[in-house]
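Asker: Below is the sequence, then the predicted model.
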Amino acid sequence: MLKKGKVLASLCENILANAANVKVADLRIGLGYAGVKLDNGATGIAAVLFDAFPHGCTVMPAAGSFAGSPASDLLEYLVNGKNPLEIALGLACANALIQPPENSGDDREATTYLDLKPGEKVAMVGLFSPLVERIRATGAILTIIEKNPQRLELLSPEDKQQVLKNCDVAIITATTLLNKTFEETVNLLGRPRVVALLGPSTPLVPEIFRNTPVTHLGGVAVIDSAKVLQIISEGGGTPALRPYLRFVNILNKNSKN
């Protein structure tokens with residue numbers, strides 16, 4: 001059983017050395033994403049989950065002091081963040097420090113790697129709207145588990161457990177790291193042949209998913225920092241950001257599957 005917060009703690013430990021002598025050059029918080037640019041030119045992003053904020057959490061007390069601060073200070077939010085926004089800032093900083101090499105993965109659609117078969121049971125944790133019809137077109141049986149009732153009808157806790165236990169393929173949004181439900185989710189899985197963690201927030205570090213069932217990582221690298229930060233500041237989401245990102249898919253050889 002994975003302990004809550006284990007993966008983010010492992011991420012912080014894994015890349016802390018990368019943050020030595022690196023400072024935050026710019027930080028943006030938008031309606032859909034947070035972005036962090038470092039003084040080495042690298043930029044990372046992570047989703048902002050406003051619906052998960054505690055009541056009364058409306059401002060950042062440290063605003064005005066992030067630029068010029070050590071990147072390691074933001075990384076501490078991965079472990080000590082008090083809400084999903086602080087964790088998002090830590091994850092965006094981590095993603096800037098990771099920066100997968102140019103030859104890692106490719107831009108192919110993530111479902112290409114899943115090799116879905118007719119009749120297979122697919123559990124999608126978090127609604128990935130662009131993937132829904134592609135998955136159903138394969139003949140696979142798709143069930144979507146969503147936390148936001150404004151997006152989709154919610155499953156009962158019992159139904160959610162059964163779907164995760166019996167699925168052949170699990171597609172999990174990386175925002176489960178931000179609201180600290182990732183470990184709970186994978187602990188409920190039976191023995192799926194594929195577990196994919198997807199979304200621009202995904203930390204592309206296979207090592208931190210050692211001893212988890214995650215077999216695939218699908219995330220992004222920022223290829224135009226100025227445009228990405230502008231879009232975040234103007235309240236843009238994934239569709240607006242897409243032309244300025246490189247989508248990366250990595251097979252996780254460290255999976256316990």
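Answerer: Cool, got the structure.
Asker: Going by C-alpha atoms from here, please, whenever you check contacts or count neighbours.
Answerer: Fine.
Asker: buried ones in stretch 8-20?
Answerer: Within stretch 8-20, the residues scored as buried using 16 or more other Cα atoms under 10 Å are 8, 9, 10, 11, 12, 15, 16, 19.
Asker: Name the residues of the longest helix along the chain that are buried.
Answerer: Using DSSP state H, we find that the single longest helix of the chain is helix 84-98. Residues of helix 84-98 classed as buried under the neighbour-count rule (16+ other Cα under 10 Å) are 84-98.
Asker: For the next helix-or-strand element following it, give me every contacting residue.
Answerer: Sequence-wise, the next helix or strand downstream of helix 84-98 (DSSP states H and E) is strand 121-125. With contact meaning Cα atoms under 8 Å, 6 or more residues apart in numbering, strand 121-125 is reached by 140-146, 163-164, 166-173.
Asker: Apply the buried test to these and list what passes.
Answerer: Among these, the ones that count as buried by 16+ other Cα under 10 Å are 140-146, 163-164, 166-173.
Asker: Restricted to helices, list those residues.
Answerer: 163, 164, 166.
Asker: Which one of those is nearest to residue 42?
Answerer: residue 164 (36.5 Å; Cα to Cα).
Asker: quick one: pLDDT of that closest one?
Answerer: Note on residue 164: pLDDT of 98.
Asker: excluding its backbone neighbours, what's nearest it?
Answerer: Spatial nearest neighbour of residue 164, chain neighbours left out: residue 189 (4.9 Å); criterion: Cα to Cα, 6 or more residues apart in numbering.
Asker: Test my guess that that neighbour contacts residue 168.
Answerer: No: Residue 189 is beyond contact range of residue 168, at 9.6 Å (criterion: Cα atoms under 8 Å).
Asker: For the chain, just list every one of the strands.
Answerer: Taking DSSP state E, the strands of the chain run over residues 24-29, 33-38, 43-47, 121-125, 141-145, 169-173, 194-198, 216-222, 245-251.
Asker: Comparing these by mean pLDDT, which bottoms out?
Answerer: Minimum mean pLDDT among the strands of the chain: strand 245-251, a mean of 90.
Asker: Could you list the alpha-carbon positions for that one in CSV?
Answerer: Extracted in CSV, the C-alpha atoms of strand 245-251 (Å, rounded to 0.1, in the frame of the first residue of the first chain):
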residue,chain,number,x,y,z
LEU,A,245,4.3,22.4,-25.6
ARG,A,246,6.0,19.2,-26.6
PHE,A,247,4.0,16.1,-25.6
VAL,A,248,6.1,13.3,-24.2
ASN,A,249,5.2,9.7,-23.6
ILE,A,250,7.5,7.5,-21.5
LEU,A,251,7.2,3.8,-20.8
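Asker: buried ones in that strand?
Answerer: In strand 245-251, counting by 16+ other Cα under 10 Å, buried: 245, 246, 247, 248, 249, 250.
Asker: before we move on, back to that, okay, the strands of the chain in TSV with distance to residue 2 next?
Answerer: Compiled in TSV, those are given as follows (distance: least, Cα to Cα, whole Å):
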stretch	distance to residue 2
strand 24-29	30
strand 33-38	27
strand 43-47	23
strand 121-125	17
strand 141-145	20
strand 169-173	16
strand 194-198	15
strand 216-222	18
strand 245-251	21
